[in-house]
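Participant: How does the following fold in three dimensions:
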Amino acid sequence: MSLKEYVRDIQDFPKKGILFKDITPLLMSPEATNECLQILIENLKNKRIDKVIGVESRGFFFATLLAHELQAGFVPVRKAGKLPFDTVSASYTLEYGTDTLEIHADAIQKGDKVLIHDDVLATGGTIKAVCELVEKLGGEIVQVNFLMELTFLNGGDKIAGYERFAALQY
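Facilitator: Next up is the predicted model:
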């Protein structure tokens with residue numbers, strides 16, 4: 001199965017000049033979703049994971065599946081003002097603007113082994129901010145993983161100190 005067949009390109013979304021990688025077709029296919037999940041899980045063999053972080057919002061889809069498969073807790077990282085409890089925040093720059101992310105202050109305990117998952121590694125700003133949040137709370141990042149990496153944007157440079165994996169590369 002070629003997972004790339006399940007990712008469609010949307011030109012000029014969310015703004016002109018951006019080529020958006022739409023994973024909706026992948027999510028609509030149980031077979032493609034399972035294949036992608038197994039690729040991500042296979043890459044985590046023999047790694048202890050206590051918490052899986054999903055980055056709003058498309059990172060939630062596979063992060064919850066990964067947490068279930070790994071028998072780990074799921075932790076959402078959301079945009080500012082979306083979490084109901086005490087939060088820690090970090091601001092970042094992404095390919096089409098700036099934003100702030102938050103995590104519950106009690107979501108990660110000192111020494112927790114953490115997997116961070118998002119749908120795409122583009123310029124790296126989002127995931128770098130998430131890494132900062134995890135480390136601020138005392139978590140140890142085991143890996144950052146993605147459904148896809150847009151290698152031509154060099155986002156991996158911003159997280160060069162962390163183990164990373166992407167199921168697909170463009």
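
Participant: List the buried residues in the host helix or strand of residue 141.
Facilitator: For residue 141, the host element (DSSP states H and E) is strand 140-149. By 16 or more other CB atoms under 10 Å, the buried positions in strand 140-149 come out as 141-149. Quick note: C-beta positions are derived from backbone N, CA and C, even for glycine.

Participant: For residue 36, state which of these is nearest.
Facilitator: Distances from residue 36 to the buried residues of strand 140-149, taken as CB to CB, are shortest for residue 147 (6.4 Å).

Participant: can you pull the contacts of the most centrally placed residue in the chain?
Facilitator: What sits nearest the mean C-alpha location of the chain, by CA atoms, centre = their mean, is residue 118, with 1.4 Å. By CB atoms under 8 Å, 6 or more residues apart in numbering, the contact list for residue 118 reads 54-55, 58-59, 126-127, 130, 144, 146.

Participant: Looking at strand pairing, list the partners for it.
Facilitator: When bridges are assigned using DSSP bridges, the partners listed for residue 118 are residue 146.

Participant: buried set for the lowest-mean-pLDDT helix or strand in the chain?
Facilitator: One helix or strand of the chain scores below all others by mean pLDDT, DSSP states H and E: strand 87-94, with a mean of 88. Neighbour-count burial for strand 87-94, with 16+ other CB under 10 Å as criterion, is recorded at 87-90, 92.
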